[in-house]
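K.L.:
build the 3D model from these lines:
(one chain, ligands or ions: 1)
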Amino acid sequence: MPIRRALPQRTRRTVGAWCFADHAGPVPVTSETGPEIAPHPHLGLQTVTWIVSGEVLHRDSLGSEQLIRSGELNLMTAGKGIAHAEERPINEFGSFHAIQLWVAQPDATRNGEPAFEHHAELPRVELDQGEATVLVGNFAGLTSPARRDTEHVGIDLDLRGPKVVLPLELAFEYAFIVLNGAIDFEGRILEPGYLAYLGAGRDECALGATPATRAILLGGLPFDESILMWWNFVARDRAEMDEAFEHWSRDDGWFGQVDSRIDRVPVPVPPWRASMRS
Ligand code: MN
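P.N.:
So this is what the prediction gives:
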């Protein structure tokens with residue numbers, strides 16, 4: 001499956017508390033290809049799964065089993081530890097196109113209990129030349145029902161015209177990830193495969209879009225906690241990473257069990273441990 005990693009970038013690690021963005025597909029789904037991710041653990045982050053086309057079956061160590069379709073939101077909070085798998089639903093063929101985002105949890109909640117939410121209905125805002133869906137946070141006076149541990153926002157944009165104006169928060173930094181089509185922002189053409197970072201200090205944003213453009217707008221107050229990201233974990237230091245590594249490699253139950261037809265993913269050895277051995 002073609003994956004474009006929009007975040008983190010070497011020069012841009014976070015946008016608000018958003019710390020990871022993988023844009024998957026579009027790709028045809030067959031019995032050999034499609035969305036299949038074996039059981040793996042997470043720590044200290046929320047996963048936000050948003051599907052443009054196709055379906056995926058979510059299973060996690062809390063016992064959640066949730067089919068997610070286009071236009072619906074899965075929000076999984078890892079806290080001190082969770083494991084999950086994503087399976088291609090049996091007999092689901094067609095095209096798969098999605099984005100998976102992570103939000104770093106703040107110190108206040110990152111050692112808390114894991115949780116899972118599914119939202120089939122989300123607030124939608126009509127724009128002059130398009131429509132915005134509020135995945136997380138507040139936008140244009142509407143609020144998503146999704147849990148939020150920091151001041152951040154995630155918006156799906158379905159755009160179709162040369163002059164679209166989006167209301168923004170002055171104190172938030174923002175970035176666009178184009179999923180389909182193209183955006184013209186202040187003379188620069190943004191296409192899939194890039195993270196377009198806007199910075200903070202704007203109360204609105206005017207842009208143009210080709211007729212069938214889909215994009216994600218991420219934003220938030222700059223995240224002021226220093227994070228360490230490795231594999232599927234967001235932590236603060238190597239000692240915490242080592243602990244998570246040990247839990248998953250020993251399969252000691254810390255991350256729970258996922259009832260999946262796929263075998264669990266083995267954890268790689270962290271680079272700092274590999275160098276200790278040599
Ligand atoms: Mn995952």
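K.L.:
remind me, longest helix of this protein?
P.N.:
Longest among the helix segments of the chain by residue count, using DSSP state H, is helix 238-250.
K.L.:
now do it: which elements does it pack against?
P.N.:
If you count contacts as 3 or more Cβ pairs under 8 Å, 6 or more residues apart in numbering; DSSP states H and E, helix 238-250 packs onto strand 37-42, strand 228-230, strand 233-235, helix 271-277. All C-beta spots, glycine's among them, are computed from the backbone N, C-alpha and C.
K.L.:
list the buried ones in the last one?
P.N.:
Buried residues in helix 271-277, defined by neighbour count with 16 or more other Cβ atoms under 10 Å: none.
K.L.:
am I right that L135 is in a strand?
P.N.:
Yes - under DSSP: H, G, I helix; E, B strand; the rest coil, L135 sits within a strand.
K.L.:
for the most centrally placed residue in the chain, give its distance to P114.
P.N.:
Centroid-nearest residue in the chain: L101, 0.8 Å away (criterion: Cα atoms, centre = their mean). Plainly put, L101 is 17 Å away from P114 if you go by Cβ to Cβ, to the nearest Å.
K.L.:
what would the helices and strands packed on helix 238-250 look like in TSV with distance to I155?
P.N.:
Formatted as TSV, the helices and strands packed on helix 238-250 follow (distance: least, Cβ to Cβ, whole Å):
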stretch	distance to I155
strand 37-42	23
strand 228-230	24
strand 233-235	22
helix 271-277	35
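K.L.:
redo the ones you listed as JSON lines? Include mean pLDDT.
P.N.:
Converted to JSON lines, the helices and strands packed on helix 238-250 look like this (pLDDT from 0 to 100):
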{"stretch": "strand 37-42", "mean pLDDT": "97"}
{"stretch": "strand 228-230", "mean pLDDT": "97"}
{"stretch": "strand 233-235", "mean pLDDT": "98"}
{"stretch": "helix 271-277", "mean pLDDT": "77"}
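K.L.:
tell me which of the ones you listed lies nearest to R261.
P.N.:
strand 37-42 (9.8 Å; Cβ to Cβ).
K.L.:
helix or strand right after that closest one?
P.N.:
The helix or strand immediately downstream of strand 37-42 is strand 45-53, counting by DSSP states H and E.
K.L.:
what pairs with that next one, parallel or antiparallel?
P.N.:
Taking DSSP bridges as the criterion, strand 45-53 forms sheet pairs with strand 73-77 (antiparallel), strand 94-104 (antiparallel).
K.L.:
neighbouring strands for the helix or strand following the first one, and are they parallel or not?
P.N.:
Read it as strand 73-77. Remark: after strand 73-77, the chain's next helix or strand is strand 82-87, criterion DSSP H and E. Strand 82-87 has its sheet partners listed here by DSSP bridges as strand 37-42 (antiparallel), strand 55-60 (antiparallel).
K.L.:
CA atoms only: put strand 82-87 into PDB for me.
P.N.:
Only the C-alpha atoms of strand 82-87 are listed here, as PDB (Å, rounded to 0.1, in the frame of the first residue of the first chain):
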ATOM      1  CA  ILE A  82      -3.400  -0.300  24.300                       C
ATOM      2  CA  ALA A  83      -3.000  -2.700  21.300                       C
ATOM      3  CA  HIS A  84      -5.100  -2.800  18.100                       C
ATOM      4  CA  ALA A  85      -5.300  -4.300  14.700                       C
ATOM      5  CA  GLU A  86      -6.900  -3.100  11.500                       C
ATOM      6  CA  GLU A  87      -8.300  -5.700   9.200                       C
END
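K.L.:
buried set for that strand?
P.N.:
For strand 82-87, the buried set under the neighbour-count rule, 16+ other Cβ under 10 Å, comprises I82, A83, H84, A85, E86, E87.
K.L.:
of those residues, which one scores lowest on pLDDT?
P.N.:
Ranked by pLDDT, these bottom out at E87 (92).
K.L.:
might one say that it is in contact with E55?
P.N.:
No - using Cβ atoms under 8 Å, E87 makes no contact with E55, being 10.1 Å away.
K.L.:
what packs against the helix or strand of the chain with the lowest mean pLDDT?
P.N.:
Least confident element among the helices and strands of the chain, by mean pLDDT, DSSP states H and E: helix 271-277 (a mean of 77). Helix 271-277 sits against helix 238-250, with contacts defined as 3+ Cβ pairs under 8 Å, 6+ apart.
K.L.:
alright, that wraps it up for me.
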